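[1] Here is my input, please return the structure:
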Amino acid sequence: QVQLVESGGGLVQAGGSLRLSCAASGRSFSSYTMGWFRQAPGKVREFVARIGWNGFSANYAYYADSVKGRFTISRDNAKNTVYLQMNSLKPEDTAVYYCAAGSSSSSYGPDYHYWGQGTQVTVSS
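    Numbers count the residues shown, from 1 in each chain. As a prediction, the model looks like this:
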């Protein structure tokens, strides 16, 4: 069992930055693929980024096209924490951001077994 707790959300102006953190409790954190997803009001949840083993690298990072070049996902296995550095934020990035843990290298939400409660990110224009 893994418990995930996100933090770092808030209100920021367009062009600004935020760093989200997701602290995990439980065993074998380093073995999980960690992902970030988001859900805006009235929209379906969407994939943002993931980091984990891809068969060649233990920390392979993959991003949605909408955030590539602006967001950076990283992890600190010693601290059981995954981060999402978000730069050049846009109003369309406004959403509740969720971290998730899964056992496969996937961008598909149902492949993730554990989810945090979410943290609100609001970008004003």
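
[2] When you work out contacts or count neighbours from here on, use the C-alpha atoms and nothing else.
    Will do.

[3] Show me what the helix or strand harbouring Tyr62 is packed against.
    Assigned by DSSP states H and E, Tyr62 falls within strand 60-63. Secondary-structure packing of strand 60-63 (3 or more CA pairs under 8 Å, 6 or more residues apart in numbering; DSSP states H and E): strand 46-52.

[4] ok, back up a step: strand partners (parallel or antiparallel) of the strand holding Tyr62?
    strand 46-52 (antiparallel) (DSSP bridges).

[5] Now tell me what touches stretch 91-101 from outside.
    Here stretch 91-101 makes contact (CA atoms under 8 Å, 6 or more residues apart in numbering) with 2, 4, 6, 14, 22, 32-41, 112-125.

[6] Over to stretch 21-36?
    Contacts of stretch 21-36 (CA under 8 Å, 6+ apart): 1-8, 47-53, 77, 79-84, 97-105, 107, 116.

[7] Off-centre distance for the strand holding Tyr62?
    Remark: strand 60-63 is offset 11 Å from the chain centroid, using CA atoms, centre = their mean, to the nearest Å.

[8] before we move on, the earlier item: any quick ChimeraX command for the buried ones out of the contacts of stretch 21-36?
    To isolate the buried members of the contacts of stretch 21-36 in ChimeraX, using 16 or more other CA atoms under 10 Å:
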select :3,4,5,6,7,47,48,49,50,51,52,53,80,81,82,83,84,97,98,99,100,101,102,104,105,107,116
